[in-house]
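Novice: pasting the structure only:
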């Protein structure tokens, strides 16, 4: 495939849509006219100003011809280019002019990031100005040239893919088919295909001859990581609300929208995946209008996979998002994220509300009052780039030699020593919903596990940590999480990033008890439940308000499911003619284990579910005790609603029967609550065949031997004890069981 300049018009022949992405788009800064063939009609379509031809044409179907006011200008061949793809044989018309780069120019020459024909062309892209010391100079970006924004959406709506295209289209990273989840740096994120940790990147974008610094934050989409979304929005003045064109508005779309709405930041609605056959743009736009009161004229249409419409998103960010506010001339920075670096200590991400900060200054954290010397400041591009200083409105990182994880409190205010400022409002503490015990497989790894938990909690401040001890599993911690997925990811990160093997007990929730006389007791595990509750003792159970969005044909199944989990319906609305929003009040204990799977199963995977805290309500919660041969095993006791007591007790007894070894006598496994045995299993004794030596003869001889054996086993049972091995406890108490 070749192309050439003919009377100011560039013609393509036999062009395949996927090959268009391979053309070098250097210097394409003019409006383009694209001629498309849709059936018998042939028309010219005006395209918006684009940073490169490949971006404007990528993914377009039926292209026959395109125009531009002047020829493509490309510098002479200088260095060989390593091909990214092999299917194109495109060549460039060389640019005969000289190649210049002025000292201090924001532009730089580098190998073409788009062309794969091996032409070796050099293209011009935006880049940070660098000093002689190799530090990035950010002085050219005042607040009115800065835009801080995030991307929020329901899980799997294409946030990470859109972030990849934004990085590519601004020249931050190379265009490559391997650019997938570039900002998802954790192993668990790439394995699961979801974002669990908000990531930041600073990029440069030019519009109308003006250069802008855009600070992008890619946020998680699952409800369990809502704290990450909330803290990220605090550092932004705008956000992209991404909606899948094939799925429409879903539960977390609503939750994230209201998080942004409460912070009074600009919301730019974007419908993604418009290139898919199943996309229904008109229907999704109607849902945005009815559910979120969004004007359809404000909605942008993009395909993050192919890059169509991404330029419109960049322009909308510059035009709609307001510049960051200025709050004084002295340093005033919001700490909105942090993580632990093995070599540099704790790295803090900040957004400057006032003043500036550079290496060598001494800063103070308002919450603790401790001061530190600044070692390095910089921006993420998307990797760390050290800078001379961070200025007001900018988002960047600060390294100050901090070692203690507890000193980095997300939401804290940073100021200079001897220059105090009014602290920022900060963030609310995360309300943990699910609790679980975490123990090392080997108690000799206790210290290593403690260090790993401290470092990981710097990255994830929403986890609550409290030491506890179990008679069965030894010393460990009681951890609080925002949900089941949050708990799974935290445990997986401990094993992957710190190589520590752990035992995670089955999840539970915290209850409250009202004691006669006005006292209140917080009960997080069965050991806190009083053995003899006094008269008037009342238990309170945590409740959540669950929002479900699903097709109308599954309404009957979903109502049945929610009622079986002791739910109370609060509202039922039709978003469209065939799409329902249903809100139920549900006990938290009923949804922490398998409710998500049940919702997906009842709706063939079409439903989404999100929830928020709804306080406590009185409930008939009882302690379910487990006994072996009449001796209660405290480590196996649990708290459960009385209506679920038999089901839970029977399940534990059955599993214990499978994992406890047979003894020389019968072992009775009993589950009881309120002083009454409700379930029982018996492990039969290992019995020697004492009648094997009797070949015929009187039956009384056999009976005598059997009775003698029976008496011996009865005596053995009176003096013997059943020891439950640690492996059995782990099998019963672990979440995987």
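Specialist: Happy to help now that I have it. Bear in mind the structure is a predicted one, so any value in this text is a computation, not a measurement.
Novice: residues touching residue 192, list them.
Specialist: Contacts of residue 192 were listed using C-beta atoms under 8 Å, 6 or more residues apart in numbering, and they are residue 489. To be clear about C-beta, it is placed using only N, CA and C from the backbone, and glycine gets the same treatment.
Novice: repeat that for residue 244.
Specialist: Residue 244 is in contact with 153-154, 156-158, 250, 271-273, 284, counting by C-beta under 8 Å, 6+ apart.
Novice: let's see it at 7 Å
Specialist: With contacts defined as C-beta atoms under 7 Å, 6 or more residues apart in numbering, the neighbours of residue 244 are 157-158, 272-273.
Novice: just the buried members of those residues?
Specialist: For the contacts of residue 244, burial is judged from neighbour counts taken by 16 or more other C-beta atoms under 10 Å, and it is met by 157-158, 272-273.
Novice: can you get me a residue count around residue 242?
Specialist: The number of residues packed around residue 242, counting by other C-beta atoms under 10 Å, is 27.
Novice: no, scratch that, I was asking about residue 592
Specialist: As a burial measure, the neighbour count of residue 592 was computed by other C-beta under 10 Å and equals 23.
Novice: list the contacts of it.
Specialist: 434, 484, 507, 509.
Novice: ok, now with 10 Å
Specialist: If a contact means C-beta atoms under 10 Å, 6 or more residues apart in numbering, then residue 592 has 433-436, 481, 483-484, 487, 506-509, 542, 544 as its contacts.
Novice: and residue 555, that one's in a helix?
Specialist: Yes - note on residue 555: a helix contains this position according to DSSP: H, G, I helix; E, B strand; the rest coil.
Novice: now do the residue nearest in space to the middle of the chain against residue 552, distance only.
Specialist: The residue lying closest to the centre of the chain (C-alpha atoms, centre = their mean) is residue 196, at 2.4 Å. With the distance defined as C-beta to C-beta, to the nearest Å, residue 196 ends up 32 Å from residue 552.
Novice: what packs against the helix or strand harbouring residue 319?
Specialist: Element membership for residue 319 (DSSP states H and E) is helix 310-320. Contacts defined by 3 or more C-beta pairs under 10 Å, 6 or more residues apart in numbering; DSSP states H and E place helix 310-320 against helix 53-57, strand 146-153, helix 159-169, strand 199-207, strand 210-218, strand 238-244, strand 266-272, strand 300-301.
Novice: next secondary structure after it?
Specialist: Along the chain past helix 310-320, the next helix or strand (assigned with DSSP H and E) turns out to be strand 332-341.
Novice: surely the residue nearest to the centre of the chain touches residue 460?
Specialist: Yes - contact criterion C-beta atoms under 10 Å: residue 196 and residue 460 qualify, at 8.6 Å.
Novice: neighbouring contacts of stretch 600-609?
Specialist: The contact list for stretch 600-609 (C-beta under 10 Å, 6+ apart) reads 154-156, 223, 247-254, 546-551, 553-562, 579-580, 582, 584, 586, 591, 594-596, 598-599.
Novice: thought residue 470 was touching residue 505?
Specialist: Yes - shown here, residue 470 and residue 505 form a contact pair, counting by C-beta under 10 Å, at 8.2 Å.
Novice: neighbour count: those two, which is higher?
Specialist: residue 505 (25 against 19).
Novice: residue 526 is in contact with that one, correct?
Specialist: No - here residue 505 lies out of contact with residue 526, judged by C-beta under 10 Å, at a distance of 11.5 Å.
Novice: what touches both of these two?
Specialist: Common contact partners of residue 505 and residue 526 (C-beta under 10 Å, 6+ apart): residue 635.
Novice: just give me the neighbour total for residue 344.
Specialist: Residue 344 has 15 neighbouring residues, counting by other C-beta under 10 Å.
Novice: how about the helices of the stretch 301-450 of the chain, start to end?
Specialist: Taking DSSP state H, counting those that start in this stretch, the helices of the stretch 301-450 of the chain run over residues 310-320, 446-459.
Novice: for the strand or helix carrying residue 573, list every residue counted as buried.
Specialist: Secondary-structure element containing residue 573, defined by DSSP H and E: strand 568-576. Burial within strand 568-576, assessed by neighbour count using 16+ other C-beta under 10 Å, is assigned to 575-576.
Novice: that one: what's the following helix or strand?
Specialist: From strand 568-576 onward toward the C-terminus, using DSSP H and E, the following helix or strand is strand 579-587.
Novice: got the angle between the helix or strand following that next one and strand 579-587?
Specialist: Proceeding N to C from strand 579-587, the next assigned helix or strand is helix 595-602, under DSSP H and E. Angular relation of helix 595-602 and strand 579-587 on a 0 to 180 degree scale: 150 degrees, by axes from the mean of the first three to the mean of the last three C-alpha atoms, to 10 degrees.
Novice: now the element after helix 595-602, going C-ward?
Specialist: Remark: after helix 595-602, the chain's next helix or strand is strand 608-618, criterion DSSP H and E.
Novice: what's the following helix or strand after that following strand?
Specialist: Going C-terminal from strand 608-618, and assigning secondary structure by DSSP H and E, you next hit strand 621-628.
Novice: tell me the strands beside that next one, with direction?
Specialist: As defined by DSSP bridges, the strand partners of strand 621-628 come to strand 631-632 (antiparallel), strand 638-641 (antiparallel), strand 667-673 (antiparallel).
Novice: so, low pLDDT: which residues of the chain?
Specialist: Counting by pLDDT under 70, the chain has low-confidence residues at 1-125, 177, 687-688, 690, 692, 695-696, 713-737.
Novice: for it, which strand is longest?
Specialist: Assignment by DSSP state E gives strand 538-551 as the longest strand of the chain.
Novice: residues of that strand that come out buried?
Specialist: Buried-residue list, strand 538-551, by 16+ other C-beta under 10 Å: 539-551.
Novice: that older thread, most tightly surrounded among the helices and strands packed on helix 310-320?
Specialist: Between these, the one whose residues have the most neighbours on average, counting mean count of other C-beta atoms under 10 Å, is strand 146-153 (a mean of 26).
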